[in-house]
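K.L.:
prediction below, plus the sequence it came from.
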There are 2 protein chains.
Amino acid sequence: MELLEERIRKDGIVKAGNVLKVDSFLNHQIDIGLMNEIGKEFKRIFSDVEVTKILTVEASGIAIAAIVAQYFNVPVVFAKKSQSINIDGSVYCTKIESFTHKRVYDVIVSKKYLSADDKVLIVDDFLANGCAADGLIDIIRESGATLQGVGIIIEKGFQDGGKRLRDRGIRVESLAIVDSMDDTTGQIVFRH
Amino acid sequence: MELLEERIRKDGIVKAGNVLKVDSFLNHQIDIGLMNEIGKEFKRIFSDVEVTKILTVEASGIAIAAIVAQYFNVPVVFAKKSQSINIDGSVYCTKIESFTHKRVYDVIVSKKYLSADDKVLIVDDFLANGCAADGLIDIIRESGATLQGVGIIIEKGFQDGGKRLRDRGIRVESLAIVDSMDDTTGQIVFRH
């Protein structure tokens, strides 16, 4: 997605340790106009499949999921990190390791909001090692729902998450795939 | 807001300990159509003030902030709980006590995304004891930005957060104010 790649080139900051900071428009401050263009693009790409729920994981996936859901006219369900007293006991639960925070989270979805009838599109801001997607896919499998695909804004193509998911036959559509980046020059190379 | 009160009566669940669960449409599964009506209503209510940023705190405020921001045509900034390795050192920081989770969080906003020129509208899903709003107001004050108001979806009128904020001269607009609720009968009384 040209508009997105341009924005990453302009405002993304490459840091040591394979960190790409897009805090200025995606996951701290959010450019809602860009999110709407992203929502339209996901709808175009996944127009051939039925979707009844958009699934993501808190926190930074929520904004994109909310905007994307407008184009599919379906509810969002976001998986919650760690047990909250406001969640009933009857939940699907999995563990997700965070690349960013270097820790493992328990992640839950109430059984009330995902069922065998659902056709689910996962959306998230980043795909790197794929742990978040793996966790959400576990939850979908547990619920008996159908996974229709995974929509990612930025995939780190030099990490193995995307390849692993595609090798399992899962449809992964990433709007920008970074093949390499250099924290000394700031250069970012996209896959086309 | 009639549509919201109807939805709370229909789908809200009153639990012991003054917990109002609205997980089915607001903070686990999200009804995006309802969020859009809420966004329009906040725009109508705050149409008399200039707004350059919508500020909220992760996680459940993010969806509503993203949808509301479309009607104001401005970016969202969401305050992050706890230090992340993806955040620079130069941040505004405060502490927020969570009523739901019974713990204190460090909450941060990068100095890059809030400045003295900004006119800020805070939005959040709930206002109870007001700790989250207090924390966000601390951050706005530290930044030198102007607070234009606080937009809340559901205020628990029997807790003192709303009164404390209004007594300080802060404009608080809540789309539904619950004056009392009874976990034995499920009855919810709204302020009008």
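P.N.:
On my side now, so go ahead. Numbers count the residues shown, from 1 in each chain, chains lettered A, B, ... in the order given.
K.L.:
every contact and neighbour count from this point should use C-alpha atoms.
P.N.:
Noted.
K.L.:
may I have stretch A:158-177 as PDB, with CA atoms only?
P.N.:
Extracted C-alpha coordinates of stretch A:158-177, given in PDB (Å, rounded to 0.1, in the frame of the first residue of the first chain):
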ATOM      1  CA  PHE A 158      12.800 -10.700   8.100                       C
ATOM      2  CA  GLN A 159      11.200 -12.400  11.100                       C
ATOM      3  CA  ASP A 160       9.400 -15.700  10.600                       C
ATOM      4  CA  GLY A 161       5.900 -15.100  11.700                       C
ATOM      5  CA  GLY A 162       4.400 -14.400   8.300                       C
ATOM      6  CA  LYS A 163       6.100 -17.400   6.700                       C
ATOM      7  CA  ARG A 164       5.000 -19.700   9.500                       C
ATOM      8  CA  LEU A 165       1.400 -18.700   9.200                       C
ATOM      9  CA  ARG A 166       1.400 -18.900   5.400                       C
ATOM     10  CA  ASP A 167       3.000 -22.300   5.500                       C
ATOM     11  CA  ARG A 168       0.100 -23.500   7.700                       C
ATOM     12  CA  GLY A 169      -2.300 -22.400   4.900                       C
ATOM     13  CA  ILE A 170      -3.500 -19.300   6.600                       C
ATOM     14  CA  ARG A 171      -4.200 -16.300   4.400                       C
ATOM     15  CA  VAL A 172      -2.100 -13.400   5.600                       C
ATOM     16  CA  GLU A 173      -2.400 -10.000   3.900                       C
ATOM     17  CA  SER A 174       0.100  -7.400   5.000                       C
ATOM     18  CA  LEU A 175      -0.300  -3.800   3.700                       C
ATOM     19  CA  ALA A 176       3.500  -3.200   4.000                       C
ATOM     20  CA  ILE A 177       6.200  -5.800   4.300                       C
END
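K.L.:
can you give me the buried ones in that stretch?
P.N.:
A:158-159, A:161-163, A:165, A:170-177 (16 or more other CA atoms under 10 Å in any protein chain shown).
K.L.:
residues making contact with that stretch?
P.N.:
The contact list for stretch A:158-177 (CA atoms under 8 Å, 6 or more residues apart in numbering or on different chains) reads A:1, A:4-5, A:45, A:127-131, A:148-157, A:178-180, A:190-191.
K.L.:
from the residues you listed, which would you call buried?
P.N.:
A:4-5, A:127-131, A:148-157, A:178, A:190.
K.L.:
in strands, which of these fall?
P.N.:
A:127, A:148-156, A:178, A:190 (DSSP state E).
K.L.:
can you tell me which of those lies nearest to A:Y71?
P.N.:
A:G151 (13.5 Å; CA to CA).
K.L.:
if I look at that closest one, how far off is A:I137?
P.N.:
Shown here: A:G151 relative to A:I137, a distance of 13 Å by CA to CA, to the nearest Å.
K.L.:
which residues of chain A fall in helices?
P.N.:
Ranges of helices in chain A, per DSSP state H, are A:2-11, A:32-45, A:61-72, A:131-143, A:161-167.
K.L.:
any residues touching the first one, and which ones?
P.N.:
This means helix A:2-11. A:22, A:24-25, A:34, A:175-176, A:188, A:190.
K.L.:
now, among those, which is nearest to B:I67?
P.N.:
A:L34 (13.1 Å).
K.L.:
what's the local residue count around the closest one?
P.N.:
16 (other CA atoms under 10 Å in any protein chain shown).
K.L.:
got the contact list for it?
P.N.:
A:L4.
K.L.:
on that earlier part again, looking at the contacts of helix A:2-11, which are in strands?
P.N.:
Mapping these onto strands (DSSP E) picks out A:175-176, A:188, A:190.
K.L.:
TSV for the residues you listed, including distance to A:G61 and pLDDT?
P.N.:
Converted to TSV, the ones in strands among the contacts of helix A:2-11 look like this (distance: CA to CA, whole Å; pLDDT from 0 to 100):
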residue	distance to A:G61	pLDDT
A:L175	15	98
A:A176	16	98
A:I188	23	97
A:F190	22	98
